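*Asks:* quick check, what structure comes out for this input:
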Amino acid sequence: MALRRSLCVSMFVEASPALAADDFVEGTYLQSEELCAQARKDTLQTLIDAGNIVHSSHGLLGVEYSCEFVQVSKATRAPSWAVTAICQDPGYVFPDVLSVTRVSPTQLDLVSVRPIDDESGARGNSGSYYLCEGLALP
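*Replies:* Numbering: from 1, shown residues only. Got it, this is the predicted structure:
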């Protein structure tokens, strides 16, 4: 019986896709090139504390908000990835599915299946992000 369980577990692990595609985006991204310049002048933490969202290969990070990328799959015909994420607002955890597309060497576009709710103030995860050379996550 124990052998059967360990065999099932090992088959599941082998059949599970990798956490992240080998060539998934690297670096730190903000929602404008101006924010990148400001982060170099001040600090990245200052921008996060002001309500800006940072994108990295690990997910999205903001003040009291985060989305952890738990699965990344590379598209075969486009410079894009499908990403499954677990996101958190204070007291609220939810899943999201996003597409991440490399528009240029320094720009990514994210599109989320989660709609923006103007009435509740819920954030959307869609938008453009720009590579901030030389910045590392706090």
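
*Asks:* element containing Leu135, please.
*Replies:* Using DSSP states H and E, Leu135 is not contained in any helix or strand.

*Asks:* list the contacts of the closest residue to it other than its chain neighbours.
*Replies:* Among residues not flanking Leu135 along the chain, Thr28 sits closest, at 4.4 Å (CB to CB, 6 or more residues apart in numbering). (Glycine included, C-beta is placed from N, CA and C.) Going by CB atoms under 8 Å, 6 or more residues apart in numbering, Thr28 touches 44, 54-56, 131-132, 135-137.

*Asks:* can you redo these as JSON lines with pLDDT and neighbour count?
*Replies:* Conversion of those to JSON lines gives the following (pLDDT from 0 to 100; neighbours: other CB atoms under 10 Å):
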{"residue": "Leu44", "pLDDT": "93", "neighbour count": "22"}
{"residue": "Val54", "pLDDT": "96", "neighbour count": "25"}
{"residue": "His55", "pLDDT": "95", "neighbour count": "26"}
{"residue": "Ser56", "pLDDT": "94", "neighbour count": "17"}
{"residue": "Leu131", "pLDDT": "96", "neighbour count": "20"}
{"residue": "Cys132", "pLDDT": "96", "neighbour count": "24"}
{"residue": "Leu135", "pLDDT": "88", "neighbour count": "19"}
{"residue": "Ala136", "pLDDT": "86", "neighbour count": "9"}
{"residue": "Leu137", "pLDDT": "84", "neighbour count": "13"}
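
*Asks:* dump those into JSON lines; add distance to Val103 and secondary structure as well.
*Replies:* Formatted as JSON lines, those follow (distance: CB to CB, whole Å; DSSP: H, G, I helix; E, B strand; the rest coil):
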{"residue": "Leu44", "distance to Val103": "22", "secondary structure": "helix"}
{"residue": "Val54", "distance to Val103": "18", "secondary structure": "strand"}
{"residue": "His55", "distance to Val103": "13", "secondary structure": "strand"}
{"residue": "Ser56", "distance to Val103": "17", "secondary structure": "strand"}
{"residue": "Leu131", "distance to Val103": "11", "secondary structure": "strand"}
{"residue": "Cys132", "distance to Val103": "16", "secondary structure": "coil"}
{"residue": "Leu135", "distance to Val103": "19", "secondary structure": "coil"}
{"residue": "Ala136", "distance to Val103": "23", "secondary structure": "coil"}
{"residue": "Leu137", "distance to Val103": "22", "secondary structure": "coil"}
